[in-house]
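Participant: using only what follows, build the 3D model:
(2 chains)
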Amino acid sequence: MLDAELVKYLPVAAVLLPLVACIPLWAIEQRSAQIRDWFAISINAISLGLIVAMYPTIARGGTIFLEFPQLLPPFGISFKVDVVGFSFALIAAFVWLLCTIYSKSYMEYEPACNRYYPFLLLCLSGCLGVFLTGDLFSLFLFFELMSLASYVLVVHNQTKEALAVGYRYLMLTLVASLSLLFAIIITFEVTGSTSLVSGNYFPAASGLASITFFAFLAGFGMKMGIVPFHIWLPEAHPVAPAGASALLSGIMLKTGAYGLLRVIYQVFGMETVSGAGWQTMLLVMAGITILFGSALAIAQRGLKKRLAYSSIAQMGYILMGMALFNENGLTGDVYHVFTHALIKSTLFLCAGAIISATGKHTVDEIKGIGYRMPVTMTCFTIAALAMIGIPPLNGFVSKVFLSVGALDAGQSAYAVILVISSLMNGIYYLPIVISAFLGGEGEAIGPIKRRFGLEMAPSMMVPIVILSVAIFATGLMPEGFALQLSKAAAQLLLSS
Amino acid sequence: MNDPTVHIPVIVICTSLIGAFLAPVLGKYRPALVGLMARLIAPVNALLLVILLRYVDAGETFHYYMGGWAPPWGIALSVDYLAIYVALIIHLVSAVILLYAKDDLFGEVRGDLHRWYYTLFLLLVAAMTALAFSHDFFNIFVFTEIATIAACALIAIKPKKECIEASFKYLILSTVGSGFILLALALIYMVTGHFNLTLVAQNMGAAAEAYPLNIMVSLALLIVGFGVKSALFPLHVWLPDAHSSAPSPSSAVLSGLVVKIYAVVLIRIILTVFGGEVLAAAPIADMILIIASVAIIAGSLFALAQTDIKLLLAFSTVAQVGYIYMGISLLSETGTMGGLVHIFNHALMKTLLFLAAGAIIHQTGLRKISDLDGIAKRMPITMAVFSVGALSMVGIPGFNGFISKMYLATGAFDAGKPVFILVILMSSLLNGLYYLPIVVRAFLGTNAEEGKFAKDELPLSMTFPLVILGLACIYFGLLPGSLLELVRKAAHYLIAV
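Facilitator: Model (predicted):
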């Protein structure tokens, strides 16, 4: 058991450690690539450890709070961890660690790794910062850090295409951050504080309130990839290296979702949001996002591009869950954050493994890959099935909760949308799986690059396998750890 | 009045002036010592100003009468927080620029002119400091003229056709501005009978009642006169050429300091001398607010279209001067703080950017942005620092530009004019549009031909000032507490009266 005084500093340490570690990392990477990789991995692991260490406090229903008012007046920086932030941070740090381990071998033959790792750590710091801070302003600060640092990950390959995509990403990020800043200033001026505590709601609907809400929605929605703010996403995620794509799609999208959750439940409050008709609007947006993302995913030939469009659809699920305003819906929402983080990072890492072993990027070129890369494709299949929502995998659990939530809210149309979207997920995931295992023995692929006699380096295989096991485990234990956290988070948000 | 500390304003002004006159003589016999002297004067004066600040903090602000002669006969200096704040900025930033100038000048100015360069620089510093402290119209006019002439000469000292042309343009327009100011002073003297700011302010109410036309005309003339000198849009036409063609240390001091001093003087006159009644009679504040907004947007749009890096920085200054005017004319406490703190922040950022651009030109001779692909591989420190300046300009939190933007935005809200928040945010976006591509190009551009940049990193005397400025941008972005405290007091001086 940790001393209460020490626990207070855990969030700060978890956030600042990766940030500060960039400096020694920079010094180390001038000398040895090997030590650099291990150093980055261990920093990740320590951060994860620090977050896990908060669990006892959080499990007791407590919150951790620490503030530094002297930094950046007039707002100050504060760290506050409750069960919502903890859940997000936990899954983020966990997936981050696995992706960093994966990157070790994946990036071996890529140029400019000395840039990749520091920015990966900066992003981690920003991402954890978003989840663990206690006021909108600090959240914004880390949100910016993450957004800008992830730009460097997106343009990692420095190709013309990557730079063009990166430019669009950068400009939209700026627009998003400015609209967030606008919203935060107005919130600060109107409510007198930006801290995320219950009860200090924005006064009910007025012109200013609507503008503020839409500014928040644009800012966080841009990061989240909600239609119509999604335009950067399907381009930016595929061009990044696989480890970074997995994190962009699996984790960083969730910062937007997290921000919106806080805004809806703690800045405006459910009454205002539903009273002003924004709830309906959010639901409609969610429905459009789900159907649009799935439909376009079907049309993609590029493997990573298909995954990216699928992410848009999945973020629609999350938006829908938070707009249902009932416990089942919200539980499903937070649970789906876990689910999607695990599934999508598995899929992206598998896709990365396939691309690095075969050099093939499109769905049609990888017929019969299951024979050449059985482990990869087994894990891919598990993740794909989970995404479709086949029981007993975890995707099923989140869909059940979301559907029940939709019915509880009297929005049966959205339960139907969920079913349709599952069907569409099937349409674009199953053909990949079927052609991988039943489309011949991979004659067209040619020899794959084997490492250590395996289909990929062990440090790539281990993270993929761990993630797949996690998909199984969270699905098989319906009353398990993830669901407990999701339920607690839902209750906390609803009670505020 | 027996404490020697009270004489610091005069000492500061006079040391710079004496230094200016010593420089050519000293340079004739001991050329090596001239630069050293100039580089010593600025930081020592900055230190003296800090002592003065402590003294004022412990007691209160005061008026200093030269030789003990009280106005209306003697010369008065106003030792208030605004003056000390501005003077501190002048000396701190000049100290850094002078450090940088040591090696940069060899590439840009003929060797035998170096001593004259230091003369002009110190003259400019002295004149700006005097403008900050002056408490009567006559001295304001005299030092405005000195600063203008010195600034023009600092551009023309580079033996290039476009520098002569730009400085000539600057000289003509500035002189027209001076003429306006002189006329305004004559009109004010005519109806109030005084030059001392306090005395004029006391008589302003009666004068405005008896001769409203005089007061209004003089106010208009002052705004145009100082507007030209501080490049308030649309009177900025001389600025881009002047600032971009000058030697890099001159560009830095002109963009970083000179334009703002005129803005401060104008604002001080409008707010403390003309005061509430006149402002109530004519919507001066709202007019400046709108002009400033146009300046912010137009300056950024012009900058967006530039292909020359120094021209881009110069147009960006037009926009940033708009920030300062906007903040103060919002007339709310936070808005005024935003405008004033931006004087400091912009001085840091723009000096940094001009010096970094100068370093690039010094090393490679490249000025076109499209030629800078991959330059960070050759000049990593310079470009890292440039990135800090660029991010700061865009207003990324954690850098000092964000603090001013924050205060300007909250100020706009406090003043009940949230529309202007949009102007500020819009301009941040535009800043991003023209600054970030340079950074991206420098670090990620792949078109660089091998061996295109013959020389490698800079001499320490150029790197060191850049790094100092970069660190300052980050420090004041994260821990602006003490700075904001000073700025708050300066703002109170302006809007409490």
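
Participant: which SSE is the residue nearest to A:Gln314 when sequence neighbours are not counted in?
Facilitator: Spatial nearest neighbour of A:Gln314, chain neighbours left out: A:His340 (4.8 Å); criterion: C-beta to C-beta, 6 or more residues apart in numbering or on different chains. (C-beta placed from N, C-alpha, C; glycine too.) Element membership for A:His340 (DSSP states H and E) is helix A:327-358.

Participant: list the contacts for the residue nearest to A:Gln314?
Facilitator: Contacts for A:His340 (C-beta atoms under 8 Å, 6 or more residues apart in numbering or on different chains) come out as A:Gly250, A:Lys254, A:Ser311, A:Gln314, A:Tyr317, A:Ile318, A:Ser398.

Participant: kindly reformat those residues as JSON lines containing secondary structure, neighbour count and pLDDT.
Facilitator: Shown next, in JSON lines, are these (DSSP: H, G, I helix; E, B strand; the rest coil; neighbours: other C-beta atoms under 10 Å in any protein chain shown; pLDDT from 0 to 100):
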{"residue": "A:Gly250", "secondary structure": "helix", "neighbour count": "30", "pLDDT": "89"}
{"residue": "A:Lys254", "secondary structure": "helix", "neighbour count": "26", "pLDDT": "92"}
{"residue": "A:Ser311", "secondary structure": "helix", "neighbour count": "27", "pLDDT": "92"}
{"residue": "A:Gln314", "secondary structure": "helix", "neighbour count": "29", "pLDDT": "92"}
{"residue": "A:Tyr317", "secondary structure": "helix", "neighbour count": "27", "pLDDT": "92"}
{"residue": "A:Ile318", "secondary structure": "helix", "neighbour count": "29", "pLDDT": "92"}
{"residue": "A:Ser398", "secondary structure": "helix", "neighbour count": "32", "pLDDT": "88"}
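
Participant: helices of the stretch 1-150 of chain A, start to end?
Facilitator: Here the stretch 1-150 of chain A has its helices, by DSSP state H, counting those that start in this stretch, at A:4-29, A:33-52, A:55-59, A:83-106, A:113-132, A:136-154.

Participant: what's the answer for the stretch 101-250 of chain B, then?
Facilitator: B:114-133, B:137-156, B:161-192, B:197-210, B:212-229, B:239-245, B:248-253.

Participant: go through these and name the closest to B:Leu425.
Facilitator: helix B:239-245 (24.5 Å; C-beta to C-beta).

Participant: quick check: closest non-adjacent residue to the residue in the stretch 301-450 of chain A positioned nearest to chain B.
Facilitator: Here the stretch 301-450 of chain A gets closest to chain B at one residue, A:Lys304, 20.9 Å apart by C-beta to the nearest C-beta. In space, and not counting its chain neighbours, A:Lys304 is closest to A:Pro238: 3.7 Å by C-beta to C-beta, 6+ apart.

Participant: pLDDT at that neighbour, what is it?
Facilitator: Looking at A:Pro238, its pLDDT is 88.

Participant: wait, it sits on A:Ala308?
Facilitator: Yes. If you go by C-beta atoms under 8 Å, A:Pro238 and A:Ala308 touch, sitting 5.5 Å apart.

Participant: shared neighbours of these two, anything?
Facilitator: Common contact partners of A:Pro238 and A:Ala308 (C-beta under 8 Å, 6+ apart): A:Ser245.

Participant: what about the residue of the stretch 151-300 of chain B found nearest chain A, distance to B:Asp57?
Facilitator: Of all residues in the stretch 151-300 of chain B, B:Ser300 sits closest to chain A, at 13.1 Å by C-beta to the nearest C-beta. For B:Ser300, the distance to B:Asp57 (C-beta to C-beta, to the nearest Å) stands at 38 Å.

Participant: neighbour-wise, which of those two wins?
Facilitator: B:Ser300 (24 against 14; other C-beta atoms under 10 Å in any protein chain shown).

Participant: for that one, what are its contacts?
Facilitator: B:Ser300 makes contacts with B:Phe315, B:Ser316, B:Ala319, B:Ser427, B:Leu430, B:Asn431, B:Tyr434, as judged by C-beta under 8 Å, 6+ apart.

Participant: out of those, list just those in helices.
Facilitator: B:Phe315, B:Ser316, B:Ala319, B:Ser427, B:Leu430, B:Asn431, B:Tyr434 (DSSP state H).

Participant: okay, these in TSV with neighbour count next?
Facilitator: Shown next, in TSV, are the ones in helices among the contacts of B:Ser300 (neighbours: other C-beta atoms under 10 Å in any protein chain shown):
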residue	neighbour count
B:Phe315	25
B:Ser316	29
B:Ala319	25
B:Ser427	29
B:Leu430	21
B:Asn431	26
B:Tyr434	23
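
Participant: got any ranges where the stretch 1-150 of chain B has weak pLDDT?
Facilitator: For the stretch 1-150 of chain B, the stretches with pLDDT under 70 are B:1-2.

Participant: tell me the residue of it that sits nearest chain A?
Facilitator: For the stretch 1-150 of chain B and chain A, the shortest gap (C-beta to the nearest C-beta) falls at B:Tyr85, measuring 17.4 Å.

Participant: element containing that residue, please.
Facilitator: Element membership for B:Tyr85 (DSSP H and E) is helix B:81-108.

Participant: cool, and B:Leu77?
Facilitator: Going by DSSP H and E, B:Leu77 is in strand B:76-79.

Participant: what's that strand packed up against?
Facilitator: Applying 3 or more C-beta pairs under 8 Å, 6 or more residues apart in numbering or on different chains; DSSP states H and E, one finds that strand B:76-79 makes contact with helix B:8-29, strand B:62-65, helix B:114-133, helix B:197-210.

Participant: who touches the shortest one?
Facilitator: With C-beta under 8 Å, 6+ apart as the contact definition, strand B:62-65 has outside contacts at B:6-7, B:9-10, B:56, B:71, B:74-79, B:133, B:135, B:198.

Participant: show me what counts as buried in that strand.
Facilitator: Buried residues in strand B:62-65, counted by 16 or more other C-beta atoms under 10 Å in any protein chain shown: B:Tyr64, B:Tyr65.

Participant: CA-only coordinates of it in CSV, if you can.
Facilitator: Extracted as CSV, the C-alpha positions of strand B:62-65 are listed here (Å, rounded to 0.1, in the frame of the first residue of the first chain):
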residue,chain,number,x,y,z
PHE,B,62,7.6,59.1,-8.8
HIS,B,63,8.4,61.9,-11.1
TYR,B,64,12.0,62.8,-11.6
TYR,B,65,12.9,66.4,-12.2
